[in-house]
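J.: Please find the sequence and the predicted model below.
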Amino acid sequence: MRVVVGQGSCGIASGARKTEIAFRQAIEDRGLPVKIDITGCVGTCYLEPIVDIYDDDGEMTRYVRVQPDKVEAIVEGHIVGGKPVAELAISEEDADFVAKQQRVVLRHCGLIDPENIDEYLAVGGYEATKKVVTSMTPEEVIEEIKVSGLRGRGGAGFPTWFKWNAARQNPGKEKYIVCNADEGDPGAFMDRSVLEGDPHSVIEGMIIGGFAMGATEGIIYCRAEYPLAIKRLEIAMDQARERGFLGKDIFGSGFDFDIRIKAGAGAFVCGEETALIASLEGERGMPRLKPPFPAQKGYWQKPTNINNVETYANVAWIIVNGGAAFGAMGTEKSKGTKVFALAGKIKRGGLAEVPMGMTIREIIYGIGGGIKGDRQFKAVQMGGPSGGCIPASLIDTPVTYEDITKTGAIVGSGGMIVTDEDTCMVDIARYFLDFTRKESCGKCNYCRIGTKRMLEILERITEGKGKDGDIELLEELAGKIKDGAMCGLGQTAPNPVLTTLRYFRNEYEDHIYNHKCTAKSCRALIRFEITDKCVGCTRCAKGCPVNAISGSVKQQHVIDQDVCIKCGRCMENCKFGAIVKE
């Protein structure tokens, strides 16, 4: 019998290490011959801490939300008694979260120990590397990737084979292959989970990519805010070197290749490949004009290829199963699967990997379980600060690069932030523009100054100080920034504003002309009122942190709007539904 405790960042944050300690103590106290292992995140982050128990016959029972106080019941009932504890096990509905997915990138996450190379080898690890370096030519590898239709999963969706081929065709003995693991989008955690749960798949993808383009050195640029990912990558690389999968003469083929990690400072602009290269070289992360492209002159002016974590994690599967098998999933132009991070007002937050072409509705409701509290779905923000908001009216849009782009958003790296009726879309636009304004490197005027001016207008609108002409000025500035900014950060920064103006223009108009927040969210534009349902119980007055409520016992109370800070505590404390938000 074996106990496996999920220990990705989400599990650890939920208390998984304390759960592991409790299991070790309970098993040691009873002298049971039970092995305890760890694994990464299986994707159901909302159910952490997760514990899988494998019986001797290989049957697995998954337990969810396992805090230390539940350990005794599981050990006594299942491990000692031999009968799964049904009331603590995952429900059929929650099990569908994973069952409805089609997993390639996440195929091993939550199932193997990321710190034990033997478990990766047991599921076919490094077979793709062996096949490539011992029996394929670089051209054959690139052709297989071309047949698969794999496009870059970092945002732009550029054909992977084309980038590899461009780097290969450029002359030079020194070439570099880089993994972008910076992952700066708010609400995105796909790359982090893959690195924490299955680091060898990324390493193997880089080895194969290096062989294809003729590189002998790989660099993983990982944000320093991902310490667990970096730790597990280092362990995985050390183990791969010990087995001969990294280093000199891999599989006796004569091919030399090794990888090192560069911990970045977490700058969003370093998602742009030339800014990332500048950071690798020890310079401030600032983009440069292209051409020349990195495939021509990249790291230290040598041919360089850059893909993100998810792109590399697909490669070994494609080599083993064939490009045609990958291409059979998804659609004609958007092939394969895509991992999405579900966050926001959704019941089941976590990672979902689905075939490209699945609709937004199927992802949010079929896998994500719908909106928290069964409230009304309003929009989904896709593509992070570079993307846009897709409204409820377009919920049946297929998730492909082409269809999502038509909405004004982008697939991006895969973040999906779900909003409900209580979300102010003007404030959403303000939030993302504030992010990009802070993350701008400042190199070009359009981005540095333009995003600041747009943000000032949005802040004024959400504070109830909007004025006639603000909408038109936002649109004018957005167009100039998109046309004039030097890199992708600036060129896409206006997208959240433009899509909210396109689909939720009425909310901007309400803020400006009616001094009203449609979603009743912007603090400066709401007020709390006590209705005649008030019985004068005084709970609201006693709980008000600024003493804004007055009134006699058993008499209707009144809120002084000049003193009220709009915290909403009075509404939460009222037992009679006598306080309303206007």
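T.: Noted; the coordinates are in hand.
J.: Check what pLDDT residue 271 gets.
T.: Note on residue 271: pLDDT of 88.
J.: Pull the contacting residues for it.
T.: 154-155, 180, 182-184, 488-489 (Cβ atoms under 8 Å, 6 or more residues apart in numbering). Yep, even glycine has a C-beta here, placed from its N, CA and C like the rest.
J.: tell me the least confident of these?
T.: Per-residue pLDDT puts residue 155 lowest of the contacts of residue 271, at 77.
J.: coming back round to it: tell me which of the contacts of residue 271 is nearest to residue 30?
T.: Distance to residue 30, by Cβ to Cβ, is smallest for residue 183 among the contacts of residue 271, at 42.2 Å.
J.: Next, count neighbours for the closest residue in space to the closest one that isn't next to it in sequence.
T.: Once flanking residues are discounted, residue 183 sits nearest to residue 191: 4.3 Å by Cβ to Cβ, 6 or more residues apart in numbering. Each residue near residue 191 was counted by other Cβ atoms under 10 Å, and the total is 32.
J.: Repeat that for residue 515.
T.: 12.
J.: leaving aside the residues next to it on the chain, what's closest to the residue nearest to the spatial centre of the chain?
T.: Per Cα atoms, centre = their mean, the C-alpha nearest to the average position across the chain is that of residue 188, at 2.0 Å. Excluding its sequence neighbours, the residue lying closest to residue 188 (Cβ to Cβ, 6+ apart) is residue 415, at 3.8 Å.
J.: in the one helix or strand residue 231 maps to, what's buried?
T.: Using DSSP states H and E, the element containing residue 231 is helix 227-243. Using 16 or more other Cβ atoms under 10 Å as the test for burial, helix 227-243 gives 228-230, 232-233, 236-237, 239-240.
J.: Centre of the chain to that helix, how far?
T.: Centre-to-centre, helix 227-243 and its host chain are 22 Å apart (Cα atoms, centre = their mean, to the nearest Å).
J.: Then stretch 146-164?
T.: Distance of stretch 146-164 from the chain centroid (Cα atoms, centre = their mean) equals 19 Å.
J.: who's in contact with it?
T.: Under Cβ under 8 Å, 6+ apart, the answer for stretch 146-164 is 142-143, 145, 180, 209, 212-213, 271, 295, 305-308, 310-311, 314-315, 318, 322-324, 326-327, 330, 333-336, 338-339, 383, 386, 401, 410-414, 488.
J.: and it, how far apart are its ends?
T.: Stretch 146-164 has an end-to-end distance of 10 Å (Cα to Cα, to the nearest Å).
J.: shaky segments in the protein?
T.: For the chain, no stretch has pLDDT under 70.
J.: okay, stretch 220-239 in CSV with CA atoms only?
T.: This file holds the C-alpha atoms of stretch 220-239, laid out as CSV (Å, rounded to 0.1, in the frame of the first residue of the first chain):
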residue,chain,number,x,y,z
ILE,A,220,15.6,27.8,-18.4
TYR,A,221,14.6,31.3,-17.5
CYS,A,222,12.4,30.9,-14.4
ARG,A,223,11.1,33.6,-12.2
ALA,A,224,12.7,33.7,-8.8
GLU,A,225,9.2,33.7,-7.2
TYR,A,226,8.9,30.0,-8.2
PRO,A,227,11.4,28.5,-5.7
LEU,A,228,9.7,25.1,-5.6
ALA,A,229,9.8,24.9,-9.4
ILE,A,230,13.5,25.8,-9.4
LYS,A,231,14.3,23.3,-6.7
ARG,A,232,12.6,20.5,-8.6
LEU,A,233,14.2,21.4,-11.8
GLU,A,234,17.6,21.3,-10.2
ILE,A,235,16.9,17.9,-8.7
ALA,A,236,15.6,16.6,-12.1
MET,A,237,18.7,17.9,-14.0
ASP,A,238,21.1,16.4,-11.5
GLN,A,239,19.3,13.0,-11.8
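J.: neighbouring contacts of that stretch?
T.: By Cβ under 8 Å, 6+ apart, stretch 220-239 touches 8-9, 12, 114-115, 117, 178-184, 192, 195-196, 199-200, 202-203, 206, 246, 259-266, 270, 276, 279-280.
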